[in-house]
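In: 3D, please:
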Amino acid sequence: LDIISNLDINNPSGKIGDLTINVSKDINIINGGAIASTSTGAGNAGIVTINSNTLNLSTGSIFSTTMFKSTGDSGSIILNVQGKLLIERGGGISSFSFANSKGNAGNITVNAGDIVIDSKDVKYSSTALSTGITSEGLIGSQGNSGKIRVTVNRELDLYGKVEFPVRTIVLVMLMMLLLM
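Out: All right, here's what the predicted structure looks like:
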């Protein structure tokens, strides 16, 4: 299941609509599933807000990006999880500003009862994204990274190589090569 916030490829000058998901029980975004908001032109990507009891990102992702040559900013991501947020096996929460983009990466706010981030079963390479929470301006981007704010009410468990980068980085990604 992919949930994409009003991506208008034919007229990318307007702001993408905000996306709010309210679930009283559990959300599982697994096996490559994604919730995304993307700016492909002058308009800003929408804000992604998720409110749930638990959230499982096992090889699934929530992301907001600016794409190749866009001038709009990526949207913020706001997660409110009463119970456990589980991020594992390459799953992640990300905000990016891609190559040749002038837009900024959005802010990420996570409020959770418990957070477990486990990357010990992930095979890393120069093209792999980290398991975790990231906001980055990638090589060739003129945009800045966003802020990450994480609030945990009970336990924070980190296993394997876990990162919370907020930086402008040099990262060669297959997706960037395909877009050039």
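In: For the rest of this, base every contact and every neighbour count on C-alpha atoms.
Out: Fine.
In: where along the protein do the strands fall?
Out: 2-4, 19-22, 26-30, 34-39, 48-52, 54-58, 61-66, 77-88, 92-97, 108-118, 132-137, 148-159, 166-168 (DSSP state E).
In: Quick one: those strands as CSV, columns for mean neighbour count too.
Out: Putting these into CSV (neighbours: other CA atoms under 10 Å) gives the following:
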stretch, mean neighbour count
strand 2-4, 14
strand 19-22, 14
strand 26-30, 17
strand 34-39, 26
strand 48-52, 20
strand 54-58, 23
strand 61-66, 29
strand 77-88, 22
strand 92-97, 30
strand 108-118, 21
strand 132-137, 27
strand 148-159, 14
strand 166-168, 18
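In: Need these in a markdown table (columns: mean pLDDT).
Out: Shown next, in a markdown table, are these (pLDDT from 0 to 100):
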| stretch | mean pLDDT |
| --- | --- |
| strand 2-4 | 47 |
| strand 19-22 | 91 |
| strand 26-30 | 94 |
| strand 34-39 | 86 |
| strand 48-52 | 95 |
| strand 54-58 | 96 |
| strand 61-66 | 89 |
| strand 77-88 | 96 |
| strand 92-97 | 88 |
| strand 108-118 | 94 |
| strand 132-137 | 83 |
| strand 148-159 | 90 |
| strand 166-168 | 41 |
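In: Just to check, Ser52 is in contact with Val23?
Out: Yes: assessed by CA atoms under 8 Å, Ser52 is found in contact with Val23 at 4.8 Å.
In: and the residue nearest the centre of the chain, what are its bridge partners?
Out: When CA atoms, centre = their mean is applied to the chain, the residue found nearest the centroid is Ser94 (2.2 Å). Per DSSP bridges, the residues bridged to Ser94 are Phe63, Thr134.
In: Just to check, it is in contact with Gly60?
Out: No: taking contacts as CA under 8 Å, Ser94 lies outside contact range of Gly60: 11.2 Å.
In: Name whatever forms a beta bridge with Leu86.
Out: Counting by DSSP bridges, the residues bridging with Leu86 are Asn56, Val116.
In: got a list of what it touches?
Out: Shown in contact with Leu86 (CA atoms under 8 Å, 6 or more residues apart in numbering): 55-58, 115-118.
In: Would you mind putting these into a markdown table with distance to Arg154 alongside?
Out: Converted to a markdown table, the contacts of Leu86 look like this (distance: CA to CA, whole Å):
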| residue | distance to Arg154 |
| --- | --- |
| Leu55 | 16 |
| Asn56 | 17 |
| Leu57 | 19 |
| Ser58 | 21 |
| Ile115 | 8 |
| Val116 | 11 |
| Ile117 | 14 |
| Asp118 | 17 |
